[in-house]
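Enquirer: Sequence first, then the predicted structure, then my questions.
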Amino acid sequence: MEPLPVSPRKLADDYRSNFHWADAQYTGKLLVVTGRIRTITPPERVWNFHQDKLYAFITIDTGNNRPLVVYFWDWEAVKINRYRTGSTITVMGFCQGVTPQLSLREACVYPGGCGGPVAEFYAPYFKLPPNPHFQTPY
């Protein structure tokens, strides 16, 4: 399975024009998106069902009033500090659809990131050999 490249504008426009088609087309799929950073939220502690971890997120401009929100893995949070509002970034993540905002989860800075402690999570996409000691992050 190859990551699907899509522009933030097309993603937002598809969801706005035909929500059900876009949901079937994108939700749960691995997407590669390049866009201009609208806001950067520094790492903060948020609750999740697995354990308390540091997360960060950015919003990417889609050309309308609804930005694309990108949530990063905890080890990627430090990397987004290299970026500034208005700069261009390429990210890879799983589309969550509109929940309530258009978002990508489990994202990484592409292609330099997408490794980290659970690189095996992305192994099917990069054809890495499996690690016998890997435990799923969920």
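Expert: Cool, got the structure.
Enquirer: Longest strand in this protein, please.
Expert: Longest strand in the chain by number of residues (criterion: DSSP state E): strand 30-46.
Enquirer: partner strands of it, parallel or antiparallel?
Expert: strand 4-5 (parallel), strand 53-60 (antiparallel), strand 88-98 (antiparallel) (DSSP bridges).
Enquirer: any chance of the ones you listed in a markdown table, plus mean neighbour count and distance to residue 34?
Expert: From N, CA and C alone the C-beta is placed, and that goes for glycine too. Formatted as a markdown table, the strands paired with strand 30-46 follow (neighbours: other CB atoms under 10 Å; distance: least, CB to CB, whole Å):
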| stretch | mean neighbour count | distance to residue 34 |
| --- | --- | --- |
| strand 4-5 | 14 | 8 |
| strand 53-60 | 20 | 9 |
| strand 88-98 | 19 | 4 |
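Enquirer: for residue 90, what are its contacts?
Expert: 32-34, 109-111 (CB atoms under 8 Å, 6 or more residues apart in numbering).
Enquirer: which one of those is nearest residue 92?
Expert: Comparing those against residue 92 with CB to CB places residue 110 closest, at 4.1 Å.
Enquirer: Please name the nearest non-neighbouring residue to that closest one.
Expert: residue 92 (4.1 Å; CB to CB, 6 or more residues apart in numbering).
Enquirer: hmm, back to that, considering the contacts of residue 90, which possesses the most neighbours?
Expert: Highest neighbour count within the contacts of residue 90: residue 33, with 25 neighbours (other CB atoms under 10 Å).
Enquirer: for the chain, which spans come out with low pLDDT?
Expert: 1, 42-55, 74, 112-138 (pLDDT under 70).
Enquirer: Mind jotting down where the helices sit in it?
Expert: Ranges of helices in the chain, per DSSP state H, are 8-17, 19-26, 123-126.
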